[in-house]
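Chemist: Turn this into a structure:
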Amino acid sequence: TYNKWFCINSFLKGFVLIFLFNIHIDVATGQSYAKGDTSKVNKLLKSVNDSFPFNPSFSLKSAEEALKISRGLNNTTYLAKSLNFAGISNWKTGNMKQAIAYFEESIKLCDDNNLKLGEASALSNLASVYDDMGNYAKSLETGTNSIAILEGLKDTARLVTAYNNIGGTLSNMEYYKESNNYLQRSIAYSRAKNMPHDVARSLSNLSGNYTLQKDYKSAFMYLFEAIQIFDSLHDNTTIDQAYLNLGNCYDFTGNKDSAMYYYLKTLKIAEQNEDLAVEVVVLNSIGENYHKQKKLSEAEDYFKRSLKLATMISSMVDIRLADNNLSDIYLEKEDYKNAYNYYVEASKANDSLMNDKNIKAMASLTSKFELKEKDEENKTLKTDNDLQKLRLQHKDIYIYGTAGVALLIIVIAFLLFRQSRIKMKHEIFELEQKQLRAQMNPHFIFNCLNSIQHFVVQNDVLNANKYLTDFASLMRKTLELSEGGTITL
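Modeler: Got it, this is the predicted structure:
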């Protein structure tokens with residue numbers, strides 16, 4: 001069963017990443033070069049950019065000419081940029097060895113001269129070449145290095161492509177959960193930056209993961225959304241990827257006719273665009289479809305065409321797949337000699353992919369990647385934990401502050417209430433005093449006592465006793481009546 005789902009995405013990456021190294025070149029750098037030559041380089045690189053998706057051969061010719069002129073200039077930025085374009089053009093036309101050489105030269109030049117954006121671009125493109133060749137350990141290493149630079153630059157727009165690319169590599173390594181995380185990041189950033197083309201590409205790639213995980217409902221949902229976006233953009237350069245994925249979805253769910261319809265549609269677009277990476281995959285898919293229908297001759301033809309292109313672009317994964325399929329075809333035809341020969345070739349391709357060095361490198365890179373992911377996860381958790389602690393601290397401060405204010409209000413209210421009670425009692429006491437004074441005039445009391453004193457001095461005991469008794473009765477009644485609210489007449 002074919003499962004190199006994302007290899008079709010690799011050349012499509014180049015189309016996007018060609019813009020990654022769009023560095024502004026200032027003529028006031030202090031470096032000596034002819035103005036006419038720099039203008040020609042810019043014109044050639046623009047020609048590469050314009051012709052890249054539709055005429056790769058012309059694109060390669062223009063890129064090589066721009067690189068030749070740039071090597072004669074004393075300007076590292078022009079040279080690094082031209083190396084990157086030349087690498088992409090060689091990659092597109094299947095010259096992987098030369099593409100790797102150009103990308104590595106560009107990476108070193110950018111690193112030596114602190115051209116971070118150019119370095120990130122070349123690293124990401126190199127990762128895609130390694131991914132095409134089935135060297136996932138190298139692809140993962142260079143891809144994560146590119147992402148580290150772009151994250152440091154906070155270049156969200158270019159991180160969209162880098163996340164999408166590394167998602168493809170992780171899918172090829174069958175790390176579907178991690179792949180989905182990167183693709184979802186790419187989709188989120190694409191939507192935030194209003195980049196519908198990149199949204200569609202990532203949605204299409206995400207559908208591949210869900211198909212391999214047999215979640216066909218999600219796969220179809222993401223694919224139809226991707227195709228709808230591509231159609232709205234009238235984009236015929238990368239929609240073949242979505243059509244191929246859709247064909248695979250129909251194939252895996254048993255709808256062979258619909259699968260073949262989209263395979264042939266994909267092949268037509270890939271041939272028009274000279275997109276060898278898409279073409280090599282869809283040729284194999286068509287061959288497998290014919291093989292399942294027992295149409296061995298047709299299947300053999302498509303497998304051979306796929307093998308030819310896979311050899312041209314040095315894709316060991318696709319070479320192994322085509323050789324295995326051809327071996328099965330000849331085995332069913334009882335042509336045991338050819339069956340054995342293709343089996344041997346498939347084994348060689350497999351050995352080159354799975355030799356001890358590659359296995360160790362893969363294990364080492366996978367371990368580093370998992371540690372990095374775990375570190376990032378731990379950092380995220382630590383950040384969340386710190387934020388939670390901070391929120392709890394703020395909550396505690398709020399609770400304690402509220403409690404303190406409430407307590408202060410209660411204390412103040414109590415003191416005010418107590419003060420009010422004291423004041424009220426004092427006022428009541430004053431009112432009572434005023435009431436007593438109002439009921440019994442002090443001058444009247446003085447006169448009464450003065451009269452009693454007169455009878456005492458005159459030794460008039462009878463009158464003195466009478467007046468004293470009357471005065472005492474009056475005082476008693478006055479005090480008694482002061483306790484009531486009314487007086488009965």
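
Chemist: Provide the secondary structure category for L474.
Modeler: For L474, the reduced secondary structure class is helix; criterion used: DSSP: H, G, I helix; E, B strand; the rest coil.

Chemist: State the pLDDT value of it.
Modeler: Per-residue pLDDT puts L474 at 81.

Chemist: gap between it and N447?
Modeler: L474 sits 12 Å away from N447, taking Cβ to Cβ, to the nearest Å as the criterion. For the C-beta atoms, the positions are set from N, CA and C on the backbone; glycine is no exception.

Chemist: of those two, who's got more company?
Modeler: With neighbours defined as other Cβ atoms under 10 Å, L474 and N447 compare such that L474 has more, 14 against 11.

Chemist: So for the residue nearest the centre of the chain, what's the pLDDT?
Modeler: Geometric centre of the chain, nearest residue: R185, 3.2 Å, by Cα atoms, centre = their mean. Looking at R185, its pLDDT is 90.

Chemist: F21 too?
Modeler: Predicted confidence (pLDDT) for F21: 46.

Chemist: need the helices for the stretch 101-250 of the chain, in chain order.
Modeler: 116-132, 136-153, 156-172, 176-192, 196-212, 216-233, 239-252 (DSSP state H, counting those that start in this stretch).

Chemist: Out of the ones you listed, indicate the one that is most buried.
Modeler: Comparing the helices of the stretch 101-250 of the chain on average neighbours per residue, with mean count of other Cβ atoms under 10 Å, the densest one is helix 116-132 at a mean of 27.

Chemist: same for it, what does it pack against?
Modeler: Helix 116-132 is packed against helix 9-17, helix 76-92, helix 96-112, helix 136-153, helix 156-172, with contacts defined by 3 or more Cβ pairs under 8 Å, 6 or more residues apart in numbering; DSSP states H and E.

Chemist: would you list those in a markdown table and tack on mean pLDDT and distance to L481?
Modeler: Output for those, formatted as a markdown table (pLDDT from 0 to 100; distance: least, Cβ to Cβ, whole Å):
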| stretch | mean pLDDT | distance to L481 |
| --- | --- | --- |
| helix 9-17 | 41 | 107 |
| helix 76-92 | 89 | 113 |
| helix 96-112 | 93 | 111 |
| helix 136-153 | 89 | 96 |
| helix 156-172 | 87 | 94 |
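
Chemist: And the residue nearest to the centre of the chain, how far from E178?
Modeler: R185 sits 11 Å away from E178, taking Cβ to Cβ as the criterion.

Chemist: Pipe the helices and strands packed on helix 116-132 into CSV and attach distance to K40 per row.
Modeler: CSV is the format used below for the helices and strands packed on helix 116-132 (distance: least, Cβ to Cβ, whole Å):
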stretch, distance to K40
helix 9-17, 23
helix 76-92, 11
helix 96-112, 20
helix 136-153, 30
helix 156-172, 27
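
Chemist: Following element in sequence after the helix or strand containing A403, please.
Modeler: Here A403, judged by DSSP states H and E, is contained in helix 356-439. The helix or strand immediately downstream of helix 356-439 is helix 442-457, counting by DSSP H and E.

Chemist: What is that next one packed up against?
Modeler: By contact count (3+ Cβ pairs under 8 Å, 6+ apart), the secondary structure elements abutting helix 442-457 are helix 461-482.

Chemist: which of the residues in the helix it packs on are buried?
Modeler: Residues of helix 461-482 classed as buried: 464, 467-468 (neighbour count, 16 or more other Cβ atoms under 10 Å).

Chemist: now do stretch 330-347
Modeler: 330, 339, 342-343, 345-346.

Chemist: Save those as JSON lines, and put in distance to G134 too.
Modeler: Formatted as JSON lines, those follow (distance: Cβ to Cβ, whole Å):
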{"residue": "Y330", "distance to G134": "24"}
{"residue": "A339", "distance to G134": "23"}
{"residue": "Y342", "distance to G134": "18"}
{"residue": "Y343", "distance to G134": "18"}
{"residue": "E345", "distance to G134": "15"}
{"residue": "A346", "distance to G134": "13"}
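
Chemist: Let's see which of those end up in helices.
Modeler: Mapping the buried residues of stretch 330-347 onto helices (DSSP state H) picks out 330, 339, 342-343, 345-346.

Chemist: and which of the residues you listed is nearest S171?
Modeler: Of all these, the one with the least separation from S171 (Cβ to Cβ) is A346, at 22.3 Å.

Chemist: mind listing what that closest one touches?
Modeler: Taking Cβ atoms under 8 Å, 6 or more residues apart in numbering as the criterion, A346 is in contact with 319-320, 323-324, 327.

Chemist: switch the cut-off to 6 Å
Modeler: With contact set as Cβ atoms under 6 Å, 6 or more residues apart in numbering, A346 has these partners: 320, 323-324.

Chemist: Which members of those occur in helices, if any?
Modeler: When DSSP H defines the helices, the subset of these inside them is 320, 323-324.

Chemist: Which among those residues count as buried?
Modeler: When burial is judged by neighbour count using 16+ other Cβ under 10 Å, the buried members of these are 320, 323-324.

Chemist: so can I have a markdown table of those residues showing pLDDT and distance to A403?
Modeler: Formatted as a markdown table, those follow (pLDDT from 0 to 100; distance: Cβ to Cβ, whole Å):
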| residue | pLDDT | distance to A403 |
| --- | --- | --- |
| R320 | 90 | 72 |
| D323 | 93 | 77 |
| N324 | 93 | 74 |
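
Chemist: tell me which of the residues you listed is nearest to L60?
Modeler: Closest approach to L60 among those (Cβ to Cβ): R320, at 27.2 Å.

Chemist: Quick check, that closest one in contact with A349.
Modeler: Yes - between R320 and A349 there is a contact under Cβ atoms under 6 Å: 3.8 Å.

Chemist: if we can go back for a sec, which residues does the residue nearest to the residue nearest to the centre of the chain when sequence neighbours are not counted contact?
Modeler: For R185, ignoring the flanking residues on the chain, the nearest one in space by Cβ to Cβ, 6 or more residues apart in numbering is Y163 at 4.8 Å. Shown here is Y163, whose contacts under the criterion Cβ under 6 Å, 6+ apart are 182, 185-186.

Chemist: could you redo the last one with a cut-off of 10 Å?
Modeler: When contacts are counted by Cβ atoms under 10 Å, 6 or more residues apart in numbering, Y163 touches 143, 147, 150, 181-190, 198, 202.

Chemist: What is the most widely separated pair among those?
Modeler: Considering Cβ to Cβ, no two members of those lie farther apart than G143 and A188, which are separated by 18.7 Å.

Chemist: wait, which of the helices and strands packed on helix 116-132 is closest to M424?
Modeler: With respect to M424, and counting by Cβ to Cβ, the nearest of these is helix 156-172 at 71.1 Å.

Chemist: Please list the outside residues in contact with stretch 465-476.
Modeler: With Cβ under 10 Å, 6+ apart as the test, stretch 465-476 has contacts from 440, 444-445, 448-449, 451-456, 460.

Chemist: again, only using 7 Å
Modeler: Surrounding stretch 465-476, the residues in contact under the criterion Cβ atoms under 7 Å, 6 or more residues apart in numbering are 448, 451-452, 455.

Chemist: In PyMOL, select just the buried ones from those residues.
Modeler: Typed into PyMOL, the line below selects the buried ones among the contacts of stretch 465-476, using 16+ other Cβ under 10 Å:
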select buried, resi 448+452+455
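
Chemist: Using TSV, lay out the contacts of stretch 465-476 together with pLDDT and distance to F429.
Modeler: Listed next are the contacts of stretch 465-476 as TSV, based on pLDDT from 0 to 100; distance: Cβ to Cβ, whole Å:
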residue	pLDDT	distance to F429
C448	83	25
S451	85	31
I452	84	30
F455	83	35
